[in-house]
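Peer 1: based on what follows, work out the 3D shape:
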Amino acid sequence: MTASTDNTTLQFGGHAERSTGESLKRGWLGKCPRCGKGHIFRAYLKVRDNCEMCGLELSHHRADDAPPYFTILIVGHVIVPLMIVYDRMATPPLWHQMVLAVFGTIAACLLLLPRIKGALVAFQWAKQMHGFGDEHKAHADL
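Peer 2: Take a look at the predicted model:
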């Protein structure tokens, strides 16, 4: 195990450990997990093949069903208690509750889904999962 002079990069077995926290933050913001300048997405949920700034290959990601699962988990645990509290405090009409619940859930899902997917792709990069750890081989072949 070796450490660089600024104590931010550790190397284990020749592979640099990547900052998970910084990667998750960049992914949450929809930025490239390596450089933080390029974008992960080319459309709402379509991951780019490569970062337009640093060239990081992003096609290795395997997000699959995890982003919708985490989105539903989070939204359900936020919206349902809020609706229960709202019902107990204000006693609104049923149609009012339904409108707020439906549109609140849709808005929260649309807001969270790309952020969670970006964070998941960045996490996979940080932990060198699904081919993201083979970057040193690609640079050695050049």
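Peer 1: so, low pLDDT: which residues of this protein?
Peer 2: The model of the chain has pLDDT under 70 over residues 1-16, 133-142.
Peer 1: and P68, how close does it get to L45?
Peer 2: From P68 over to L45 the distance is 10 Å, taken as C-beta to C-beta, to the nearest Å. Bear in mind the C-beta positions are built from the backbone N, C-alpha and C, glycine included.
Peer 1: identify the contacts common to these two.
Peer 2: Residues touching both P68 and L45 (C-beta atoms under 8 Å, 6 or more residues apart in numbering) are L113.
Peer 1: and the two? which has more neighbours close in?
Peer 2: The residue with more neighbours, out of P68 and L45, is P68; 16 against 13, by other C-beta atoms under 10 Å.
Peer 1: now the more buried one. Its backbone dihedrals?
Peer 2: Backbone torsions of P68, given as degrees, to the nearest 10, read phi -60, psi -40.
Peer 1: could you check which helix or strand contains P114?
Peer 2: Taking DSSP states H and E as the definition, P114 sits inside helix 94-126.
Peer 1: can you give me phi and psi for G36?
Peer 2: Note on G36: its backbone torsions stand at phi 80, psi 10 [degrees, to the nearest 10].
Peer 1: nearest residue to it in space, please, no chain neighbours.
Peer 2: Leaving out its chain neighbours, the residue that sits closest to G36 by C-beta to C-beta, 6 or more residues apart in numbering is R26, at 4.7 Å.
Peer 1: so what's the spatially most central residue of the chain closest to, chain neighbours aside?
Peer 2: Nearest to the geometric centre of the chain sits A119, at 1.5 Å (C-alpha atoms, centre = their mean). Leaving aside its sequence neighbours, A119 sits nearest to G27 (C-beta to C-beta, 6+ apart; 4.2 Å).
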